[in-house]
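J.: The sequence and its predicted three-dimensional model are supplied below.
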Amino acid sequence: MTNTAPFYITTPIYYVNDVPHIGHAYTTIAADVLARYWRLRGREVFFLTGLDEHGQKVQQASAKAGIDPQVHCDRLAPQFQTLWQRLNISNDAFIRTTDPEHKSVVQRYLQRLYDEKLIYKDSYTGWYCTFDERFWTEKDVEAGLCPDCKRPVEQLSEHNYFFKMGQYQNQLLDHIKQSPSFIRPESRRNEVLGFLQTQTLGDLSISRPKSRLSWGIELPFDHEYVTYVWFDALVNYMSALEYLPREKPVGNRFWPATIHLVGKDILTTHAVYWSTMLMALNLPLPETIFAHGWWTVDGEKMSKSRGNVVDPNEMIEKFGTDAFRYFLLREVPFGQDGDFSQSAMVTRVNSDLANGLGNLLSRTLTLIERTQGGAIPTPGTSGPAEQELQQTTLQLLNETLPRHLEQLEFNRALEAVWHVVQLANQYVDKTAPWSLAKKETAADQLKTVLYTMAETLRCLSLTIYPVIPKSAQSICLQLGIPEQFINPLLKNKIEWGGLKPGIMIHKGSSLFPRIESNPGAKPVTESPVPSQPTAVTPTLTAPPTPPAPPQITIDDFMKIQLKTAKVLSAERVPKSEKLIKLQVSLGTEQRQIVAGIGKKYEPDSLVGKTIVIVANLKPAKLMGIESQGMVLAAGDADVRGLLTVLEEVDPGTKVK
Ligand code: MSP
């Protein structure tokens, strides 16, 4: 049965002590995938992310910058908001804990717990590190040194306010035992259970004297103190419902949250602090707290001091938004740690996106353009090969994908999608539509094959939309379907045949151009949202700059005769991966040209195209075949694109 309950998904709110990194992007992308998926399934979704702006870390960062903490937060907040736009994050609200509305909710909760005697004042003695400005417990401190900065710690006594967290230990334990999906994955659940079963849960200090930390929300019952940053931050999940989005707050029908996504390091604060706070406030607990793993970078811990912090903006510029989103969720099972490297990204993008999905789309569109005048054909009767592909595609859409996504198994969901991409490409290889196009008697069969390819792509666009939304939209636009994915397209079971024969395709440039293997080279900037069905991912990489070639005079240049030529036929040169033999028309004459473009182009896709050639090059033999000219193409060792002209011109027209 379809789940129609409201779906409330949150990310942690990120500290504004520094600019966003891959860890922030990871959780936010994962949350976005789930939000997009459930919207497609017809659930009402509220997706919240935001910033944690109080506390020591932010106070220290602003002091270091020599500016007021609020000014510091206001300067950094747009960095997160802009990144989320660039990453195509569809959050419904963005909370900042310095919002006055949030502050008043925190104060209301504090007052309530204080009135109910669940908050009390006591003195606290512990090991204090002046440098880190924090207390450590007896077991943290080794040889009198701070476990963090290794400086000597001192014993300090301080009066603070405490939340009676300890009294909820058994209630929390029972809840975790009774709700297997409350803490996920299972291994993390066992960790929390183990901790609660073997140790005594103490009370939680929820205040900081202003003399030590002034950047926080003042306690409503004692103006000498501010709230401990976690008591303030966790409340965001509730306070947001009261006032965001500002034009029409969503309200409490979204509570309890369906999923709090967090990193493994902040599981305890969520599973223990937040849960007991909610119990004290008599509020229901969230359905699921899911703790994901951490990324290392090229096998090392990511840190500022190592200088290996991955900047998501840089990855977007180098690889494109969708490729980055895809990689993060495809590479590592959600919940486990993973290693990030640009070379792994290049491999994934090239094999799965460029050669897999991108190739399937480009073959389909080229063939429809060339053999059907650009119109989606009416299919004939399906044979066993079509039926197999149809069934697997529908099973993916209606069963496999929902099963994996609903379990937050993003990598398995994508694996299943790419299994169908592979099957579809194999189907094309087997049915060889380019050969069918040559036989008049196979016209109906060709239509069936092309329709099957296009309809498979339409179905695939629905499956990839949550993870790579821009590419899904681009596929639809190129297939001629004006689909914006605004409606709940996956609300009902998907049937085969949704694509209407007769609609005209709009072939754009390739979905995912291959990336050269040197990803460190020149980045290309991507426009935030492509308005046309064009490339979704930019390509990159120029080889290291060669020494500048010697200058030539205009007379030298005029010696080269460039002309347009129309490709009449094309075939691969036997035993060569690279060479294609072209017969081209220059209007008044025909030429044979052998070109090294076979890695980039299928011969069939070239027929009918207008290209540019060097017409007065001395003939030469390549693998024993005479070449009477040379085609012009962009790229270096690897061809990236053949040159053509924007307007229709006659073959043989001079190019200058
Ligand atoms: N402000 C708190 C959260 C409060 S939620 C009520 C906080 N902020 S944070 O900015 O320090 O961290 C945010 C998230 O980034 C955490 O979920 C953390 O796990 C995640 N990551 C930080 N480094 C990471 C990696 N190297 N890899 C993956 N995620 C990582 O904690």
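T.: Arrived safely.

J.: so where's the protein uncertain?
T.: 1-2, 517-553, 555, 637 (pLDDT under 70).

J.: For it, what lies in contact range of the ligand?
T.: Residues of the chain that fall close to the ligand, judged by CB under 6 Å from any ligand atom: 12-15, 23-24, 26-27, 52, 233-234, 236, 262-263, 265-266, 294-295, 302. C-beta coordinates here come from the backbone N, C-alpha and C atoms, glycine included.

J.: Run a quick neighbour tally on the closest residue to the ligand within the chain.
T.: Nearest to the ligand in the chain, going by CB to the nearest ligand atom, is Gly263, at a distance of 1.6 Å. Using other CB atoms under 10 Å, Gly263 is surrounded by 18 other residues.

J.: tell me the contacts of it?
T.: With contact set as CB atoms under 8 Å, 6 or more residues apart in numbering, Gly263 has these partners: 12, 23, 27, 291-294.

J.: Identify the farthest-apart pair in these.
T.: Farthest-apart pair in the contacts of Gly263 is Pro12 and Gly293; separation 14.4 Å (CB to CB).

J.: Now, the residues of the chain next to the ligand that are in helices?
T.: Residues of the residues of the chain next to the ligand located in helices (DSSP state H): 23-24, 26-27, 233-234, 236.

J.: which non-adjacent residue is nearest Ala77?
T.: Closest residue to Ala77 apart from its sequence neighbours, by CB to CB, 6 or more residues apart in numbering: Leu51 at 5.9 Å.

J.: How are the helices of the stretch 451-600 of the chain distributed by residue range?
T.: Applying DSSP state H, counting those that start in this stretch to the stretch 451-600 of the chain gives helices spanning 469-479, 554-558.

J.: Give me the domain ranges for this protein.
T.: According to automatic domain parsing, the chain comprises the domains 7-164+203-255, 342-479, 554-642.

J.: and these as JSON lines, adding mean neighbour count?
T.: Supplementary listing: the domains of the chain in JSON lines, determined by neighbours: other CB atoms under 10 Å:
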{"stretch": "domain 7-164+203-255", "mean neighbour count": "18"}
{"stretch": "domain 342-479", "mean neighbour count": "20"}
{"stretch": "domain 554-642", "mean neighbour count": "16"}
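
J.: need those in a markdown table with distance to Arg188, can you?
T.: Formatted as a markdown table, the domains of the chain follow (distance: least, CB to CB, whole Å):
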| stretch | distance to Arg188 |
| --- | --- |
| domain 7-164+203-255 | 15 |
| domain 342-479 | 12 |
| domain 554-642 | 45 |
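
J.: And those domains: which comes nearest Pro180?
T.: Of the domains of the chain, nearest to Pro180 by CB to CB is domain 342-479, at 12.5 Å.

J.: Identify the residues contacting Ser461.
T.: 472-473, 475-476, 479, 483.

J.: go with 10 Å
T.: 357, 361, 468-469, 471-479, 481, 483, 485, 489 (CB atoms under 10 Å, 6 or more residues apart in numbering).

J.: list the contacts for Ser569?
T.: Ser569 sits next to 581-584, 592, 603-604, 606-608 when contact means CB under 10 Å, 6+ apart.

J.: Quick one: the helices in the stretch 1-150 of the chain, in order.
T.: 22-40, 56-65, 69-86, 100-115.

J.: tell me the angle of the longest one relative to helix 69-86?
T.: Read that as helix 22-40. Angle, helix 22-40 to helix 69-86, by axes from the mean of the first three to the mean of the last three CA atoms, to 10 degrees: 50 degrees.

J.: For helix 22-40, C-alpha coordinates in CSV please.
T.: Extracted in CSV, the C-alpha atoms of helix 22-40 (Å, rounded to 0.1, in the frame of the first residue of the first chain):
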residue,chain,number,x,y,z
ILE,A,22,32.2,17.3,1.1
GLY,A,23,30.8,15.9,4.5
HIS,A,24,28.1,18.6,4.5
ALA,A,25,27.3,18.1,0.9
TYR,A,26,27.0,14.3,1.4
THR,A,27,24.3,14.4,4.0
THR,A,28,22.4,17.2,2.2
ILE,A,29,22.5,15.3,-1.1
ALA,A,30,21.3,12.1,0.5
ALA,A,31,18.4,14.0,2.1
ASP,A,32,17.6,15.7,-1.2
VAL,A,33,17.4,12.3,-2.9
LEU,A,34,14.8,11.1,-0.4
ALA,A,35,12.9,14.3,-0.5
ARG,A,36,12.7,14.1,-4.3
TYR,A,37,11.8,10.4,-4.3
TRP,A,38,8.9,10.8,-1.9
ARG,A,39,7.5,13.8,-3.7
LEU,A,40,7.4,11.7,-6.8
